[in-house]
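Got a sequence here, can you build the structure:
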Amino acid sequence: MTMDDLEQRVSVALDELVQQPAGSPSLFDRVADRARRRHRRRLVGAAVVAVGVVAAGSLALRPGGGDTTSATVATASCPGQDPGRPANPDRPDLADRLVPGRPVIATLCRYHRPDESAPSGTLARSVVIRDADVTALAATLNSGQPMLKDAVYSCPGFSRGSMIAIFEYRAGAAVTVSISFSDCELASNGPVTVFTPQLALQRLTDLVGKDPD
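Residues are numbered from 1 along each chain as shown. Below is the predicted model of the structure:
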């Protein structure tokens, strides 16, 4: 006996037990239709749950647990002339490290050196980096050896230009760091001065280029 034969016999038996008005669907058809509707509702419910799980997972994988990153932070403009020693606003953490806090944007500004055809100290190039790139650069700069105030250093005399990096935050004042490619290759935010790590100098050169030799 096939499945179709079995369904036909069950349908006839149910119709004999419950008399149906002429032309109305059989009891078997109504039971089968109700079962199909239940099955469809289960499938829809499962799909909704799956979509919710995927959406929650995508939020969990976003950096900062869904916090906004650099998208809501305005980008600084480079000064047309090298400002020299930075004049940063009063921040309680400024004396703790070269790049305090957790910046999300850095505007890098490179300036011409004295022996170029372009006027010395004028803006040569600017680049903006964000989020993970800023975090990596700040960490590398902060790894530099601090320059002791009372120590005497002997540095080779050469001129390879200079630059500043303006670090910006989701909240709080920006911090400007001056970086010299000359002499002792120092980086300073004012209160803190360090010998710029070679890894940071190489990364900055890759980003903003260098003056021709």
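
per-residue confidence averaged over stretch 115-123?
The average pLDDT within stretch 115-123 is 86.

can you tell me how far C109 sits from A165?
The gap separating C109 from A165 is 8 Å, by C-beta to C-beta, to the nearest Å. Heads up, the C-betas are built off the backbone N, CA and C, glycines and all.

more neighbours, those two?
A165 (29 against 24; other C-beta atoms under 10 Å).

Mind jotting down where the helices sit in the chain?
All helices of the chain, identified by DSSP state H, fall at 3-17, 27-60, 131-142, 198-208.

How about the contacts made by A124?
110-112, 118, 161, 208-209, 211 (C-beta atoms under 8 Å, 6 or more residues apart in numbering).

V128 too?
75, 105-108.

Now list the buried members of these.
In the contacts of V128, burial by neighbour count holds for 105-108, counting by 16 or more other C-beta atoms under 10 Å.

in this structure, which helix or strand is least confident?
Across the helices and strands of the chain, mean pLDDT, DSSP states H and E gives its lowest value to helix 27-60, namely a mean of 51.

Of the buried ones among the contacts of V128, which is the nearest to L137?
A106 (6.2 Å; C-beta to C-beta).

Distance of the spatially closest residue to the closest one that is not a sequence neighbour relative to G101?
Of all residues not flanking A106 in the chain, V134 sits nearest, at 4.7 Å (C-beta to C-beta, 6 or more residues apart in numbering). Using C-beta to C-beta, we find V134 at a distance of 11 Å from G101.
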